[in-house]
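the following block contains a protein sequence and its predicted model.
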Amino acid sequence: DAGVIQSPRHEVTEMGQEVTLRCKPISGHNSLFWYRQTMMRGLELLIYFNNNVPIDDSGMPEDRFSAKMPNASFSTLKIQPSEPRDSAVYFCASSRGQAWGGYTFGSGTRLTVV
Amino acid sequence: AQSVTQLDSQVPVFEEAPVELRCNYSSSVSVYLFWYVQYPNQGLQLLLKYLSGSTLVESINGFEAEFNKSQTSFHLRKPSVHISDTAEYFCAVSEMDSSYKLIFGSGTRLLVRP
């Protein structure tokens, strides 16, 4: 099992550009989560998918952020346009059903917007 | 609303000394409790969890945590730490009636010195 795979590992972009982060969850996991980690705010849940359907997107900061899960093996988080305050580490995690089973996190994408 | 408090942002300790990382939570319903560990430039990994039953839970690498309902705490302990335990430790809570969602504390950085 390769675990949760995120790409790219690092992304540096200019303010105003579109950024797309990618995630491949563990096969058989039907829940997928996007988190953002910053020094100031810690770990924040952005959005949760269950069986490819967005269930809770209350953590998405604003309309510049969007997430999709077209199938069980792929999800994207898009920021358009990007701003310097979006600089953070973005984690994708997946689980088989409920949280009590434990999430498996990817290694994260470190985004820097200059 | 549920919340998790980790009062210590950093805990320095000498190798082979005991350590306790504190975690308190607030919730109006029954909860599941977790500790995750994050090594540098990696995602979070599940260390141990409390779901039900014995209030003392253990990990494979010598950590243990005890659920104390009256004090709403879930402190993490290890009797003798190693240099390799240097990492960030996150306490997390999931409410049983909304059990897909994990709320994380702000993290405690454990720094083990030789």
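Everything's here; your move. Note that the structure is a prediction, hence the values are computed from the model and not measured. Numbering: from 1, shown residues only, chains lettered A, B, ... in the order given.

contacting residues for whichever residue of chain B sits closest to chain A?
Each residue of chain B has a distance to chain A, by C-beta to the nearest C-beta, and the smallest belongs to residue B:43, at 3.3 Å. C-beta coordinates here come from the backbone N, C-alpha and C atoms, glycine included. Residues near residue B:43 by C-beta atoms under 8 Å, 6 or more residues apart in numbering or on different chains: A:4, A:91, A:93, A:105-108.

make a markdown table from the residues you listed and add neighbour count to it.
What follows is those, written out as a markdown table (neighbours: other C-beta atoms under 10 Å in any protein chain shown):
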| residue | neighbour count |
| --- | --- |
| A:4 | 24 |
| A:91 | 25 |
| A:93 | 26 |
| A:105 | 23 |
| A:106 | 26 |
| A:107 | 17 |
| A:108 | 24 |
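
so which of the residues you listed comes closest to chain B?
Nearest to chain B among the contacts of residue B:43, counting by C-beta to the nearest C-beta, is residue A:105 at 3.3 Å.

wait, the closest one sits on residue B:45?
Yes. Residue A:105 lies in contact with residue B:45 (C-beta atoms under 8 Å); the separation is 7.2 Å.

which of the contacts of residue B:43 fall in strands?
Secondary-structure check on those using DSSP state E: residues within strands are A:91, A:93, A:105.

ok, and of those residues, which contact chain B?
Among the ones in strands among the contacts of residue B:43, the residues within reach of chain B (C-beta under 8 Å from any C-beta of the partner chain) are A:91, A:93, A:105.

what sits opposite residue A:105 in the beta ladder?
In this structure, residue A:105 has beta-bridge partners residue A:93, where bridges are defined by DSSP bridges.

kindly report the same for the one 5 residues further on.
With DSSP bridges as the criterion, residue A:110 is bridged to residue A:10, residue A:89.

measure it to residue B:86 for me?
Distance, residue A:110 to residue B:86, using C-beta to C-beta, to the nearest Å: 20 Å.

still on that earlier bit, for the residue lying closest to the residue of chain B closest to chain A once chain neighbours are set aside, what are its contacts?
Nearest residue to residue B:43, sequence neighbours excluded (C-beta to C-beta, 6 or more residues apart in numbering or on different chains): residue A:105, at 3.3 Å. Under the criterion of C-beta under 8 Å, 6+ apart, the contact list for residue A:105 reads A:4, A:35, A:91-93, B:43-45.
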